[in-house]
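**Q** need a structure here:
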Amino acid sequence: MCCLLRAGTAFCQFNDSIHYRVSYAATGTINRATEGRSYVLNNAFNFDVNKKYMSLNNSNSWVYGEANGKKNLNDFSSSLNFDINRAIRTWYFWGLASYTTSYSLRIRGQFQAGGGIGHNTIRKPQAELVISDGILFERSNLYDAADEKKAAVLARNSLRIKYRFVIGKTVVIDGMHFWQPALSDFNDYIVRSTNGLSVNLNKWLSITTSLAYNRFNQTGRENLLINFGLTAQKYF
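**A** Residues are numbered from 1 along each chain as shown. All right, here's what the predicted structure looks like:
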């Protein structure tokens, strides 16, 4: 469990004159008991650009943790994704490039790039539901020597479900879920799931809690993180 400053949605949002958002987080937690001690540190940086015909998002995060003097978390991810015509069309195009390393999932390095189409199933100021699908090309380098031969480039289907609901301009419920099976072997799949709940204090600060689950079936590893803390963001 770790305390997290998380980018979210508050009273301010993108409009005709506001096109950029930036956020940074550096938080963590320390636990000490008779049996031992543990700590988790979490750093995150996000930058968003939202224009009429295109939106761009850059997300970066690093989570490090130890328990009783042994490393159990050292996970870094960076992604750059863009949407074309999402603000003006029901159907739109998307593209993605990402790099991930994860000690907990036994991934030395994973690069993904690809694109596809998305559908604005619900698009309202207080409610949003987006479903997208496409093809990603991937190359992974794994920790376990027996799996090194699996580092060749492969293709994955990438299904994403994203939602956001605002209740009375104060409570925000959001989530993003990915299912990415390899086209050559559906038993080789990746699951990423994040659910969040925020209570807005003002236009730039809110109390946030989230639940994140990741599974990389190729190594048989998974992790679960419960995050809680404050959200800070700046629109301009």
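**Q** list the contacts of the closest residue to residue 47 other than its chain neighbours.
**A** Ranked by C-beta to C-beta, 6 or more residues apart in numbering and with sequence neighbours excluded, the top spatial neighbour of residue 47 is residue 58, at 4.7 Å. The way it works is simple: take the backbone N, C-alpha and C, and place the C-beta from them, glycine included. Counting by C-beta atoms under 8 Å, 6 or more residues apart in numbering, residue 58 makes contact with 46-48, 78-80.
**Q** from these, pick the one nearest residue 90.
**A** Nearest to residue 90 among those is residue 48, at 21.6 Å by C-beta to C-beta.
**Q** ok, back up a step: could you measure the residue nearest to residue 47 against residue 77, distance?
**A** Per C-beta to C-beta, to the nearest Å, residue 58 is found 12 Å from residue 77.
**Q** and residue 18, that one's in a strand?
**A** No: secondary structure of residue 18 (DSSP: H, G, I helix; E, B strand; the rest coil): coil, not part of a strand.
**Q** that one contacts residue 236, doesn't it?
**A** Yes: counting by C-beta atoms under 8 Å, residue 18 does reach residue 236; the two are 6.6 Å apart.
**Q** so those two - more neighbours on which side?
**A** When neighbours are counted by other C-beta atoms under 10 Å, residue 18 comes out ahead of the other of residue 18 and residue 236, with 12 against 9.
**Q** buried sites along stretch 44-60?
**A** Within stretch 44-60, the residues that count as buried by 16 or more other C-beta atoms under 10 Å are 44-48, 50, 55, 57, 59-60.
**Q** count of residues packed around residue 63?
**A** 24.
**Q** contacting residues around the strand of greatest length in the chain?
**A** For the chain, the strand with the greatest residue count under DSSP state E is strand 107-124. Applying C-beta under 8 Å, 6+ apart, the contact partners of strand 107-124 are 83, 86, 89-102, 128-143, 156, 158, 160, 216, 219.
**Q** give me the sheet partners of it and which way each runs.
**A** When sheet partners are counted by DSSP bridges, strand 107-124 sits next to strand 91-102 (antiparallel), strand 127-142 (antiparallel).
**Q** what's the following helix or strand past the last one in contact with?
**A** Downstream of strand 127-142, the next assigned helix or strand under DSSP states H and E is strand 154-167. Residues from elsewhere that reach strand 154-167 (C-beta under 8 Å, 6+ apart): 9, 96, 112, 114, 116, 118, 125-139, 172-184, 188, 190.
**Q** for strand 154-167, buried residues please.
**A** Buried positions in strand 154-167, judged by neighbour count with 16+ other C-beta under 10 Å: 154, 156-158, 160-164, 166.
**Q** with distance to residue 205 and pLDDT added, can I get those residues in JSON lines?
**A** Formatted as JSON lines, the buried residues of strand 154-167 follow (distance: C-beta to C-beta, whole Å; pLDDT from 0 to 100):
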{"residue": "154", "distance to residue 205": "43", "pLDDT": "90"}
{"residue": "156", "distance to residue 205": "38", "pLDDT": "96"}
{"residue": "157", "distance to residue 205": "39", "pLDDT": "97"}
{"residue": "158", "distance to residue 205": "33", "pLDDT": "97"}
{"residue": "160", "distance to residue 205": "28", "pLDDT": "96"}
{"residue": "161", "distance to residue 205": "28", "pLDDT": "97"}
{"residue": "162", "distance to residue 205": "24", "pLDDT": "94"}
{"residue": "163", "distance to residue 205": "23", "pLDDT": "96"}
{"residue": "164", "distance to residue 205": "18", "pLDDT": "93"}
{"residue": "166", "distance to residue 205": "16", "pLDDT": "93"}
